[in-house]
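Visitor: okay, predicted coordinates and the sequence, questions at the end:
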Amino acid sequence: QGLLCISAPASGQIVHSGQACVVKDDNISERVYTIREGDMLMLQCLVKGHPRPQVRWTKTAGSASDKFQETSIFNETLQIQNIQRIQGGRYYCKAENRIGVPAIKSIRVDVQYLDMPTLTVHQTISDVRGSYYQEKTVFLRCTVNSNPPARFIWKRGSEVITHNQDNGVDIYEPLYTQGETKVLKLKNLRPQDFANYTCQVSVRNVCSIPDKSITFQLTNATSPPALKLSVDETLVVNPGDNVTMSCLVAGGIPTPEISWTHYPGPIPTTARVQGGTMILQNVKVQDSGYYNCTAVNNVGNPAKKTVNLIVRAMSNITFQITPDPNKDSETIQMEQDVKLSCHVDAQPQDKVNYTWYKNGLPVRPSKTLVILRNDPELDPGTCSLEIFYMNFRDQATYSCVASFTGTPIPELKIEVNLTRNTVVPPVLTVPKDRATVMVREGSRAELQCDVSGKPRPPVLWSRADKEMPMPSGDWLVETRDGKLRLDNVTRDMSGSYRCQTARFNGLNIKPRQALVQLSVQFAPIVDPQSLDVRTRTGESVTLRCTMLKANPQRIASSTWRLNGRLIRSSRPELQDYSEWQIDSFSQLSNGTYECSISNDVGTSICIFYVSAKAYNPEFYYDTPAPIKKDNRNYSYTLQWTQREPEAVDVVIGYKLEVRQLNFQSYMSKQIQVGTPQKGVLLQHILTDLKIPLSYEVRLTPITNFGPGDTSMRIIEYSELSPTPCPKSVSFSFPTDQTCGFEVEKICGFTQDKKDDFDWMRQNANTQNPKRSPNTGPTKDRSGTREGYYMYIEASRPRVPGDKARLVSPLYNVTTKAKGPYSTPFCISFYYHMYGKHIGSLNVLLRVKSVGALDMQVWTLSGNQGPDWQQANITINPRGPFQV
């Protein structure tokens, strides 16, 4: 008697059960799934292989999730509600089980849609003079976005216009357009050309998408939009003002529609838009920007007007002292030139008025005192006072006052004390003990650069060793006291920081610079963080915990514990790892080992789960179908292989636990199946299972060490009905389709929305006790009270002619048969028609390739008695079909 070794690589197949329009194979044997935008996409990856493969969905140029995040979908079923056009593309199902190469299947999802068309009217550019449309050439441009490409139909009134039908009309497709476009050209307008024009677009009812159309009335008064503004194009206001901007329609037939936008950013939330009027109450500085109004009536080009709204503001007044540049000097010297400069951040910058004072009195310009309103050598908007050939009388306190004359904006003032002894060049130094700052991750760091000088300038901080902004997000950080404070520091903040003197509020000379090193200490990063270790009894085991990264990079102490009990006291390590040796594994060695590694900053832990218990069994899913014993019971052959049996002690048996779904208790027993070997298929027959119930099975290997890891699976009852029909070819499914209505999803069948009432899913335990007597079944076909079936009540309020209709999923015909004959399929089902007014039961076939026509393939009327009976129907569809 030989051993059956099972180790099968993964294989997969993609099937669908969503709202597909068509699923077909194209010319290069690629499966194409066509779906309407907004419907639900559902793809299922049916896999085979042992061990059971894991499934991952991905998509070309993106993830398979409906929001296209960076994660893949790990599930056999991919479902996207309300699919959008950007989610079309090629979807891949990847199945792998560590045996051989992964199996990859793909299907292309083609999302169909048809937007509302837009229709615009244009005139030849050479004819802009004179009346707009009299004796001119006009172009009606119709544009639409669709998939598949749309078909265009032009109509004048209700009459269809065809190409070359009229010498005054031309229809063509322009080059270099976005979307699909058709142009209707009216050459030298005639009186009959003034009419209603309709552009109708169609995708030929693919996916039941209806045609769409747009109509434009062309008259001899048709004209493009024109606008005029109620305010100046540049509008300067004060904070707190109320602002009203109106875009007035100066022309355009049909009446243009006006819209407003703002740049940068959206329109302020406090703004009120009433047609062409924009109202801003109590304006703030952040409301400044460009307000654009646009008028559109689909004739010619849109009319646009822009208002540049400037809300006055001033802040941050600064000064600079520039020694005589001709002398290359960094100090203030008598009989040399010196320049005092003043700048304020303001809007509008060019409207700032600067006034200079000397010892409190206005400065009177002279040959030796010159005021530059906009110094070309400095930042725009900077005002300078130049002192030529400085003498003792020029030593004074100078004040610069910035203001918006005649406005309520407060003026800003800054003073500079200018004497030979009070202006000293800056000196920048780093304290000896602060050149390297060492802090722990998560704490607060303070970097320090000492600066002296008269006047004392601010200090600017930046990163010196990395092209990246400061932790605050700014590229430069200004500090008045020379100290840079960083909160909640992280290891990424480690590195060199540059401090330098600012050119403003001090001497305008070459900046002084220095470097400060920040070292952020953090706890060790260890490997492994957790590890499952299996071994045989009596074997030696070495456990190693390695420090991958840390600051400082040394192991100050390492400690080992077993199940929380200290087994080795703290000690330093010379290498970057710590080890624990188990010489001979036994029950006393079993448990959780923790290695704590510290570098005096923090501690990290490696966890090892060490045992001799067996790995879990791996169920074999390609097992034979359940075997029906009688009308009440069935048996099932449970098959599996043992994962890594050589890694631990010999498996001497299995604990088998079985419970009926919806019940809490298990039936448990121990089974003997011989000594497992790697890849060898084991089996056990489960008997006395009740039709049509489902069961949960738990299987646990047992060694002399004790029970191992448990595996669980669900066993569901299904049967393939005996049938005299011809053998069917495969659908896009791995087996023939059977359905017992045991789950609420009823195998993908749906209630027809166009019928009069619905089928109901019930069993003997849930049926209505008030239903009509002497009608309907008492139990399902298997004779159990738990089995489900689909049911209708034909009594009141139903009337003759009412219909209840169930529609199957779309079955994809994958046969490659050629010629006028198609491969036959078999529909087999059980029915129960008991009652005086039962009416008729009809089976209809809907083949997608021949439209939505339903063809009746079977019918039965009247009372058929109190028993379940079987029907078998042979069909020959010539394309994807529904029942």
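Guide: Looks like it came in fine. Numbers count the residues shown, from 1 in each chain.
Visitor: rest of the way, CA atoms for contacts and neighbours
Guide: OK.
Visitor: for Ser598, see how far away Phe522 is.
Guide: Separation of Phe522 from Ser598 (C-alpha to C-alpha, to the nearest Å): 10 Å.
Visitor: counting neighbours, what do you get for Thr318?
Guide: 20 (other C-alpha atoms under 10 Å).
Visitor: same check, this time on the one 3 residues further on
Guide: By the measure other C-alpha under 10 Å, the count of residues near Ile321 is 26.
Visitor: which parts of the strand or helix carrying it are buried?
Guide: Using DSSP states H and E, Ile321 maps to strand 313-323. Neighbour-count burial for strand 313-323 flags Ala313, Met314, Ile317, Thr318, Phe319, Gln320, Ile321, Thr322, Pro323 (criterion: 16 or more other C-alpha atoms under 10 Å).
Visitor: show me where the stretch 1-150 of the chain dips below the pLDDT cut-off.
Guide: Where the stretch 1-150 of the chain drops to pLDDT under 70, the residues are 1-13, 15-20, 22-30, 61-75, 125-135.
Visitor: longest strand in this protein, please.
Guide: Counting by DSSP state E, the longest strand found in the chain is strand 513-527.
Visitor: and the next helix or strand after that strand, which strands flank it?
Guide: Using DSSP H and E, the helix or strand that follows strand 513-527 in sequence is strand 530-534. Strand 530-534 has the following sheet partners, assigned by DSSP bridges: strand 603-611 (parallel).
Visitor: how about the CA coordinates for the partner strand, as CSV?
Guide: This file holds the C-alpha atoms of strand 603-611, laid out as CSV (Å, rounded to 0.1, in the frame of the first residue of the first chain):
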residue,chain,number,x,y,z
THR,A,603,15.6,48.7,27.2
SER,A,604,14.2,46.5,24.5
ILE,A,605,13.1,42.9,24.6
CYS,A,606,13.5,39.9,22.4
ILE,A,607,10.8,37.2,23.0
PHE,A,608,11.2,33.6,22.1
TYR,A,609,8.3,31.1,22.3
VAL,A,610,10.2,27.8,22.8
SER,A,611,8.4,24.5,22.8
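Visitor: from here on, count from 453
Guide: Done: numbering now begins at 453, and the last item shifts to strand 1055-1063.
Visitor: what is the helix or strand just after it packed up against?
Guide: The helix or strand immediately downstream of strand 1055-1063 is strand 1069-1071, counting by DSSP H and E. If contacts are counted by 3 or more C-alpha pairs under 8 Å, 6 or more residues apart in numbering; DSSP states H and E, strand 1069-1071 sits against strand 1085-1094, strand 1147-1155, strand 1163-1167.
Visitor: tell me which of these sits nearest to Val484.
Guide: strand 1163-1167 (32.8 Å; C-alpha to C-alpha).
Visitor: please identify the buried residues of the closest one?
Guide: For strand 1163-1167, the neighbour count (16+ other C-alpha under 10 Å) marks Ile1167 as buried.
Visitor: give the pairing partners of it; include direction for each.
Guide: Using DSSP bridges, strand 1163-1167 pairs in its sheet with strand 1147-1155 (antiparallel).
Visitor: what residues does the very next helix or strand once past the partner strand touch?
Guide: From strand 1147-1155 onward toward the C-terminus, using DSSP H and E, the following helix or strand is strand 1158-1159. By C-alpha atoms under 8 Å, 6 or more residues apart in numbering, the list of residues contacting strand 1158-1159 from outside reads Lys1065, Ala1066, Thr1152, Pro1153.
Visitor: which pair in the residues you listed spans the largest distance?
Guide: Lys1065 and Thr1152 (10.4 Å).
Visitor: who has more neighbours out of these two?
Guide: Lys1065 (26 against 20).
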